[in-house]
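Novice: I need the structure of the sequence given here:
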Amino acid sequence: MRSIETPVRQNSGSEIPTREKPAAFQHLPELLRYRATLHPQRPAAVFLEDDGASTTFSYDDLWRQSFAVAAELSRLDTGGRGAEAPRVVLLQPPGLSFLPAFFGAQIAGWIPVPTAYPKPHRAMPRIDAVVRDCKPAAILTTQKTLASIDPSRLDHATSRLPMIAVDALPVDSLNAGSNRTAVADAYSIDSIALLQYTSGSTSDPKGVIVTQRNVLANIASISDGFLIGHDHTSGTDAPVSASWLPFFHDMGLMAGVLAPIYSGFQSVFMSPQAFVRRPIQWLQMISDHGAIISGAPNFAYELCADRIAPGQMTTLDLSRWRLAFCGAEPIRHRTLHAFAQRFSSVGFSPSSYYPCYGLAESTLLAAGGDGPAEPRTIDVDRAGLRDNRVDSVAMKSKRDAVTIVSSGRAPRGTSIKIVDPVTSCECDDRRIGEIWLSGDSITLGYWHRPDENDRLFGTLAGKAGRPPMNPVVRTRWFRSRVPDVPATNGQAYLRTGDLGFIENGELFVTGRMKDVVIVRGRNYSPADIEATVGGLVVPGMDRAVAFSVDGPRAEGLGLVVELPRDVSGLCLETIVRDIRRAVIDEHEIDPRLVLLAKPGAIPMTTSGKVQRAACRDSVEHGRIAWRHRWERSGGTESPPIPIPQLPPTPTIDDLGTIQSQVAQWLRSWIITRVGIDPADVEDQLRFDDFGLDSLTAVELSGELEDWSGVELNPSNAWQTPTIESMAKFVAQTLVGSSTCEIDRSLPVVS
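Specialist: Numbering: from 1, shown residues only. Down below sits the predicted model:
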């Protein structure tokens, strides 16, 4: 088959209840009003704080607080709306305050713009770029966030915006309760529901225009694919979903927040930082609250399989986890297999998996299963895959095989085509092409980008009848600009830029044409990273190329940087360290591979643009002439670090021994996880000198806290930024010495 049409859904016998016919909602405020009226006291959302406390909103609480936000926005002078509704940026930390900010903006007739949460007291280039692009009239945030913002480090356009702390607004219970019918007059199913900014670029952000029709169609498709009931109307009890995904991410918002509300679930949340710090907390949340639905990108399952030791699993019961969705980045079969093997002893079943495919331009879900099931895979020939063919490997060595996981079928009302991106013709069987989508979930395109939107959508030109591509043509195909297709009476399709094929009616994703790098579910713009690296250390070292590289179980970032011709007197190891530090500081990602190459090594077009796909191909086949190569051997695929045996009741006499054991563990962790040469590990160096990005630093402190029992909050971590100072702090805390003081002469990590 070459296309996927709407399938007939059937109950697979899962314990998840069959979905009932949904109500005909016109917009999300109407959905929330329905829930608050139908079962006002049912818990809608619970957020688990890092200190063990929790906050709960009932559906009535959520409506009332949302109405308070709407009332506050209605008081603002937006200077005249014109043809467009005013935009409002949601600058919300992890927590439930995001929910009334999001719904309140819509009740007021504003367009919410979720954004990533920045570091305190730092510049906010991503948010500044979003403000420049969509020109909002206000920012919705919290009191704590307001206190952490340094106005002097913001763009003028951002600093002059009204900033409203939603957690400081008075909730008029009588007014909110009597206005369950109050929604902006002009709101309809075709109104803009939100701008979903892609996470990859700080210099050129793209706001995906998501309408109410898009959202309602997509969360209905999620409910349909998950085989969950639409209405659970009796009492206050409801099925539970669990999520740590950030609310500003399309998967976190649609699958983690809105789909459960659509189905009347109770949602339990924790912060992304809490998960990365201690992955077992995600599974413990699922276990403790009896969640039947939860999911995450591939890296989260990998992190759990690698970092959670059998001894930590004694309190887990995952037998009620009936649907474990996985998407947002390439899905690795060996990751899913390793996770299922590790946690089968505590009740997890591989038949709970739900691999899926989606993107913000299709709201979220574009392909998924008919309920949970064991992952379906296909083995294809590696050489054929590079030539865009799907060849069997039944008679060949496993070394020639690539195992690809099925992403399921098109949801109801969605069509998927596999298309040659050059001719716009539908591909023949067993051919890899670009994935094209159509349906009610397909968004309107990007905010105020008409030219790009014209290229984003196309119409089919017929059937493909061209000979197989050879590898040389393939490189040109991947790098070529997709041509504009003349307007016809045919159906318009979204060109995803992703590659795949269809086998037995199921979609298999094989790669992507676009240059975006996806690591841990987050998109990174190669151009932004190249701009950070180019000319960073040495005059004349101004050409760099960034691309994705394969790791044992996940993708990583690769960099090739051309050195000047004269490298005498340069320390190449120091240059690599400086490059990594700059990329970590600016983009929060640590490269997996850095090649310092000879001049002219990076392939370029005749117009002077770097050829990323060709450069990656040259690196993979050893055709790059390089002077120095650094490659991180560690990462999330590394096994757990052996834990020292500490005295059960330590005394002051044990102080030196404990400090030595902790320091040794920290050295082993950095060597194994970060890939640092043992000779380069010094106890007095700061952790960021070893190239620890923020996620890796959180993992380090989480694992150390797990086995030592010493609480390592951000303040402690910042004040003990070296192996020596961290080991001293942990040892003194365990001993309980009255002389325990942090060495404040050490520099603080910002």
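
Novice: contacts and neighbour counts: CA atoms only from here.
Specialist: Will do.

Novice: can you list the domains in the protein?
Specialist: Segmentation of the chain into domains, based on automatic domain parsing, reads 20-275, 377-512, 517-631, 652-735.

Novice: let me know the secondary structure of Pro650.
Specialist: What DSSP: H, G, I helix; E, B strand; the rest coil gives for Pro650 is coil.

Novice: nearest residue to it in space, please, no chain neighbours.
Specialist: Distances taken as C-alpha to C-alpha, 6 or more residues apart in numbering place Val735 nearest to Pro650, at 5.4 Å, with adjacent residues excluded.

Novice: and for Met285?
Specialist: The shortest distance from Met285 to any non-neighbouring residue, by C-alpha to C-alpha, 6+ apart, is to Ala242 (7.2 Å).

Novice: show me the shaky parts of the stretch 451-600 of the chain.
Specialist: Residues of the stretch 451-600 of the chain meeting the criterion pLDDT under 70: 461-491, 521, 535-542, 552-554.

Novice: ok, back up a step: roughly how far apart are the residue nearest to Pro650 and Ile442?
Specialist: For Val735, the distance to Ile442 equals 59 Å [C-alpha to C-alpha, to the nearest Å].

Novice: do the same with Asn214
Specialist: Taken as C-alpha to C-alpha, the span from Asn214 to Ile442 is 6 Å.

Novice: now for the two: what residues contact both?
Specialist: Contact criterion C-alpha atoms under 8 Å, 6 or more residues apart in numbering; residues shared by Asn214 and Ile442: 362-363.

Novice: quick revisit: so for Val735 and Ile442, which sits in the more crowded spot?
Specialist: Ile442 (27 against 19; other C-alpha atoms under 10 Å).

Novice: can you give me every residue that contacts the more buried one?
Specialist: By C-alpha under 8 Å, 6+ apart, the neighbours of Ile442 are 214, 361-363, 494.

Novice: that one sits in which helix or strand?
Specialist: Secondary structure assignment for Ile442, by DSSP states H and E: no helix or strand.

Novice: which pLDDT value belongs to it?
Specialist: Looking at Ile442, its pLDDT stands at 94.

Novice: can you list contacts of stretch 28-36?
Specialist: With C-alpha under 8 Å, 6+ apart, stretch 28-36 has contacts from 25, 59-60, 62-63, 103, 106-107, 180-181, 183, 193, 212, 216, 261-262, 264.

Novice: hey, where'd the strands end up in the stretch 451-600 of the chain?
Specialist: In the stretch 451-600 of the chain, the segments counted as strands under DSSP state E, counting those that start in this stretch are 457-459, 492-503, 506-512, 517-519, 522-524, 544-550, 555-562, 593-597.

Novice: hmm, back to that, could you dump the domains of the chain to CSV with distance to Asp306?
Specialist: As requested, the domains of the chain are exported to CSV (distance: least, C-alpha to C-alpha, whole Å):
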stretch, distance to Asp306
domain 20-275, 14
domain 377-512, 21
domain 517-631, 11
domain 652-735, 11
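
Novice: who wins for proximity to Gln341 among these?
Specialist: Between Gln341 and these, the tightest spacing by C-alpha to C-alpha is seen for domain 517-631, at 15.5 Å.

Novice: so what pLDDT did the residue of the chain most remote from its centre get?
Specialist: Within the chain, Asp653 marks the point farthest from the mean C-alpha position, 46.7 Å out by C-alpha atoms, centre = their mean. Looking at Asp653, its pLDDT is 84.

Novice: same question for the one 10 residues further on.
Specialist: Here the pLDDT value assigned to Ala663 is 89.

Novice: against Leu195, how distant is Glu329?
Specialist: Glu329 is 21 Å from Leu195, by C-alpha to C-alpha.

Novice: neighbours of Trp566, just the number please.
Specialist: Not Trp; residue 566 is Asp. Asp566: 9 neighbours (other C-alpha under 10 Å).

Novice: could you check how far the nearest residue to Ala116 once chain neighbours are set aside is from Ala338?
Specialist: Of all residues beyond its chain neighbours, the one nearest Ala116 is Phe248 (6.1 Å), with distances taken as C-alpha to C-alpha, 6+ apart. Shown here: Phe248 relative to Ala338, a distance of 29 Å by C-alpha to C-alpha.

Novice: between the two, which has more neighbouring residues?
Specialist: Between Phe248 and Ala338, Phe248 has the larger neighbour count (other C-alpha under 10 Å), namely 23 against 15.

Novice: wait, Gln227 sits on Gly368?
Specialist: Wrong residue type there; residue 227 is Leu, not Gln. No. At 11.4 Å, Leu227 does not count as touching Gly368 under the criterion of C-alpha atoms under 8 Å.

Novice: hmm, Gln611 is touching Met604, no?
Specialist: Yes. Using C-alpha under 8 Å, Gln611 is in contact with Met604, at 5.3 Å.

Novice: more neighbours, these two?
Specialist: Between Gln611 and Met604, counted using other C-alpha under 10 Å, Gln611 has the larger neighbour count: 19 against 14.

Novice: phi, psi of that one?
Specialist: phi -100, psi 90 (degrees, to the nearest 10).

Novice: do Ala296 as well
Specialist: Phi and psi for Ala296, reported as degrees, to the nearest 10, are phi -170, psi 170.

Novice: thinking again about what came up before, Ser708 versus the residue farthest from the centre of the chain, what's the distance?
Specialist: Asp653 sits 18 Å away from Ser708, going by C-alpha to C-alpha.

Novice: what's the answer for Tyr493, then?
Specialist: Distance of Tyr493 to Ser708, given as C-alpha to C-alpha: 54 Å.

Novice: quick one: which of the domains of the chain is nearest Gly290?
Specialist: Proximity to Gly290, assessed across these by C-alpha to C-alpha, is greatest for domain 20-275 (6.7 Å).
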